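Enquirer: One predicted model, sequence on top.
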Amino acid sequence: MTHQDLSITAKLINGGVAGLVGVTCVFPIDLAKTRLQNQHGKAMYKGMIDCLMKTARAEGFFGMYRGAAVNLTLVTPEKAIKLAANDFFRRLLMEDGRPSATLIAWELLRTQGLAGLYRGLGATLLRDIPFSIIYFPLFANLNNLGFNELAGKASFAHSFVSGCVAGSIAAVAVTPLDVLKTRIQTLKKGLGEDMYSGITDCARKLWIQEGPSAFMKGAGCRALVIAPLFGIAQGVYFIGIGERILKCFD
C-alpha cells in the first residue's frame with residue numbers, strides 16, 4: 001500500500017468514526033427537529049425540549065433513538081466520503097495557485113446565478129450542496145486561525161469550535177430547504193395533510209397555507225444538531241484515528 005493509498009484510507013476511517021460519534025451524540029435532537037418540522041395545524045409540541053420530554057415519556061429513552069440504525073448506516077459512509085473528499089480536493093485545489101472552493105463557488109454564482117448552484121438537484125441535494133458550499137470554506141478559514149506550526153494542525157478544541165460555528169451558520173441558512181425535504185420525504189400523512197408533487201408544489205403550499213415562518217421551522221433544533229455533529233466530526237477527524245489504526249498493520 002502506497003503512502004497516498006494509506007492517507008486516503010486513513011481519511012475515510014477518520015470520517016467514518018467522526019460521523020458515527022457525531023450522529024450518536026445528536027440523534028435525539030435531530031428526531032425532535034424532524035417532528036417539529038412535520039407539525040401541521042395545531043402544534044403537538046411547543047418546542048424542542050417539550051418534544052423530547054413527551055417522546056421520552058411516551059416511548060422511553062430509546063424512543064429518542066428511533067430510526068438511529070438507519071441514520072448511522074447512511075451517515076457513517078456519507079461522512080467518511082464527504083470529509084475525506086473535502087480534505088483531499090481542498091489540498092489539491094490549493095496546489096500550484098489553483099483557486100479555492102470559495103472562489104469557485106463565487107465565480108459560479110456570478111456567471112450562472114443561483115440556478116447554477118441548484119440545477120438538477122433533488123430535494124436532498126437541494127439542501128446538502130448549498131450547505132457544503134457554505135460550511136466547508138467557512139470551516140477551513142476558521143480552523144486556519146488556530147493552526148499550530150509545531151503540530152502541523154489546529155488543536156482538537158479549535159477544530160471542534162470551528163466546526164460548531166460553521167455548522168450552525170450553514171444549518172440555519174439552508175433550513176427552508178431542509179423543511180421542504182422533510183415534508184416531501186414524509187411517508188405517513190395525517191388526516192387533512194397535503195401531498196406534494198415536487199419541491200415547487202411543496203414550497204407553494206407551505207407559503208400559502210402556513211406563511212413564511214413555516215420555512216424556518218426547526219431552525220434552532222437544526223443548528224443544535226449540526227453544530228455539535230460537525231464540531232465532533234471535525235475534531236475527531238483531525239485526531240487521526242485512521243492513521244493510528246493503519247500504523248498497527250505496518
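Expert: The structure has been received and is ready for your questions. Please read all numbers here as calculations on a predicted model, not as lab measurements. Numbers count the residues shown, from 1 in each chain.
Enquirer: For the protein, which segments are assigned as strands?
Expert: Taking DSSP state E, the strands of the chain run over residues 147-148, 153-154.
Enquirer: looking at those strands, which is closest to Ile133?
Expert: strand 153-154 (21.9 Å; CB to CB). For the C-beta atoms, the positions are set from N, CA and C on the backbone; glycine is no exception.
Enquirer: Any idea how far the closest one is from the middle of the chain?
Expert: With CA atoms, centre = their mean, to the nearest Å as the basis, strand 153-154 stands 22 Å off its chain's centre.
Enquirer: Which neighbours in the sheet does that strand have, and how are they oriented?
Expert: strand 147-148 (antiparallel) (DSSP bridges).
Enquirer: what's the strand it pairs with in contact with?
Expert: If you take CB atoms under 8 Å, 6 or more residues apart in numbering as the criterion, strand 147-148 is touched by 153-155.
Enquirer: Give me the buried subset of the residues you listed.
Expert: Neighbour-count burial (16 or more other CB atoms under 10 Å) applied to the contacts of strand 147-148 gives 153-154.
Enquirer: Select the longest helix from the protein.
Expert: helix 3-37 (DSSP state H).
Enquirer: elements contacting it?
Expert: For helix 3-37, the packing partners by 3 or more CB pairs under 8 Å, 6 or more residues apart in numbering; DSSP states H and E come out as helix 48-59, helix 68-94, helix 175-185, helix 219-239, helix 241-247.
Enquirer: Gly113: which of these is closest?
Expert: Taking those one by one with CB to CB, helix 175-185 is closest: 16.9 Å.
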